[in-house]
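Chemist: Have a look; sequence and predicted model below, questions after that.
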Amino acid sequence: MSQIATYRAPAVLKDGTPVEIRALRPGDEADMLAAIDRTGPSSLQSRFFVMKRHFSEKERAFFMDVDFNNHVALAAWVEEQGCPAIVGGGRYVVTDRGRAEMAFVVVDAWQGRGIGTLLLRHLIDIARVHGMRELSAEVLSDNASMRKVFAKYGFGPARSEDPRTVRLVLDLAAARPA
């Protein structure tokens, strides 16, 4: 397993709230599911492109079976009411040699505070170190806030097979580190 499995980085949100970005661990499943429970239907639809409230065992296994080589997942942790809680997550899955697809979700109450941006920045840095040449993401056309986050880091539009989505791509060789 890659050393990314122990990845951990303290950060501060735009409003001064401390947050820790760290590798998703097998023991985080209950916390991840609790975060999903605190995420509204439209946010989940933006992430999964369908109305989603529950996950099959196969889906749960996929989300938690992170090898940190072909599947890298990070979680954003904050203190809520005196307890650590996941408030967002991001991942990339290698789809082809040197290429990976990304996805993110942020708990509704924490949206607009910079969590998605932090997760994206950390995943880009990890992808660069591990030889990825290209990162991509499918985003619903009406998800302007996430499209803005990707644009900030140099992702540009590419051809999408699904008319409901915009495919965004970052050529890591051409992009300058943020």
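Modeler: Thanks, I have the structure now.

Chemist: residues in contact with the nearest residue in space to residue 103 that is not next to it in sequence?
Modeler: Nearest-residue entry for residue 103: residue 91, 5.9 Å, with adjacent residues in sequence omitted and distances by Cβ to Cβ, 6 or more residues apart in numbering. No exception for glycine: its C-beta is placed from N, CA and C like everyone else's. By Cβ atoms under 8 Å, 6 or more residues apart in numbering, the contact set of residue 91 is 24, 66, 71-74, 102-104, 123.

Chemist: For this protein, which residues score under the pLDDT cut-off?
Modeler: Across the chain, residues meeting the criterion (pLDDT under 70) sit at 1-2, 39-55, 175-178.

Chemist: where do the strands sit along it?
Modeler: Assigned by DSSP state E, the strands in the chain fall at 8-12, 18-23, 71-80, 83-96, 99-106, 134-140, 156-158, 165-171.

Chemist: Return the set of buried residues in the longest helix anywhere in the chain.
Modeler: The helix that spans the most residues within the chain, counting by DSSP state H, is helix 115-129. By neighbour count on 16 or more other Cβ atoms under 10 Å, the buried set for helix 115-129 is 115-124, 126-127.

Chemist: Centre of the chain to it, how far?
Modeler: On the basis of Cα atoms, centre = their mean, to the nearest Å, helix 115-129 is displaced by 8 Å from the centre of the chain it belongs to.

Chemist: I'd like to know which elements it is packed against.
Modeler: Contacts defined by 3 or more Cβ pairs under 8 Å, 6 or more residues apart in numbering; DSSP states H and E place helix 115-129 against strand 18-23, strand 71-80, strand 83-96, strand 99-106, strand 134-140, helix 144-152.

Chemist: re the thing from before, for the buried residues of helix 115-129, which one is nearest residue 97?
Modeler: Lowest distance from residue 97 to the buried residues of helix 115-129 (Cβ to Cβ) belongs to residue 127, with 13.2 Å.

Chemist: Who are the contact partners of that closest one?
Modeler: 72, 92, 100, 135, 172 are the contacts of residue 127 under Cβ under 8 Å, 6+ apart.

Chemist: if we go to 10 Å?
Modeler: 72, 92, 94, 98-100, 102, 133-135, 170, 172 (Cβ atoms under 10 Å, 6 or more residues apart in numbering).
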